[in-house]
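Engineer: Output the structure for:
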Amino acid sequence: MPLKDRPTSVLFVCLGNICRSPLVEAVARQRCAEAGLDVVLASCGTGNWHVGKGADARMQQAAAAAGYDLSLHQARQVRADDFLSYDWVLAMDRNNLVALAQLRRSQGSRPELFLPWSGVRSPLEFPDPYFGEAAGFREAVRLAEQGVDGLIARLRGS
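Structural biologist: Numbering: from 1, shown residues only. Just a heads-up that it's a prediction; the model follows:
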């Protein structure tokens, strides 16, 4: 639950923290600022393969084409204390949601699934473009924008 004396905080989580979650963080950072929302935003991965590395070059290119900068991103792995530090911990897919649930202590934020369809509940997830072509990265940008629009509506209580 968000505390009233500080901004709401949101952590986006994917597998390696080089594609989906840094993209959603960048989109949310820009769109929340444009909406005048004071929100603390971050991203991480459930895996440790890319810790310290930048965002995937293909994701950086797709994001830049849409006006989002991922050039300063450095991947990190989720920590158990993240559940105490963030109001919302949002997984990009069910596999990451399961990994987060196993890591979470009994206290703190419960992980939820980040659905990139403007708050519509569905079995669909945010697909990982990592093993695909450039079109998948462009589609990820579109889905991130839709999902962040839904997140902003939730933050505003709509």
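Engineer: for the helix or strand bottoming out on mean pLDDT in the chain, which positions count as buried?
Structural biologist: One helix or strand of the chain scores below all others by mean pLDDT, DSSP states H and E: strand 111-113, with a mean of 88. Across strand 111-113, burial judged by 16 or more other Cβ atoms under 10 Å covers 111, 113. All C-beta spots, glycine's among them, are computed from the backbone N, C-alpha and C.
Engineer: which secondary structure elements does it contact?
Structural biologist: strand 88-91, helix 94-103 (3 or more Cβ pairs under 8 Å, 6 or more residues apart in numbering; DSSP states H and E).
Engineer: Looking at the ones you listed, which one is packed in the most?
Structural biologist: strand 88-91 (a mean of 25; mean count of other Cβ atoms under 10 Å).
Engineer: Using CSV, list the CA coordinates for that one.
Structural biologist: The C-alpha trace of strand 88-91 is given here as CSV (Å, rounded to 0.1, in the frame of the first residue of the first chain):
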residue,chain,number,x,y,z
TRP,A,88,3.9,-2.2,-6.7
VAL,A,89,6.0,-4.9,-8.1
LEU,A,90,4.8,-5.7,-11.6
ALA,A,91,6.0,-8.7,-13.6
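Engineer: Mind checking the pLDDT average for it?
Structural biologist: For strand 88-91, mean pLDDT is 94.
Engineer: Work out the sheet partners of that strand and label each with its direction, please.
Structural biologist: strand 8-14 (parallel), strand 111-113 (parallel) (DSSP bridges).
Engineer: List of residues touching it?
Structural biologist: 8-14, 82-83, 97, 99-100, 104, 109-114, 151 (Cβ atoms under 8 Å, 6 or more residues apart in numbering).
Engineer: Need the residues that contact the lengthiest helix in the chain.
Structural biologist: Using DSSP state H, we find that the single longest helix of the chain is helix 134-155. Here helix 134-155 makes contact (Cβ under 8 Å, 6+ apart) with 8, 10, 19-20, 23-24, 27-28, 31-32, 35, 37, 39, 58-59, 61-63, 65-66, 68, 90, 114-120, 126-127, 129.
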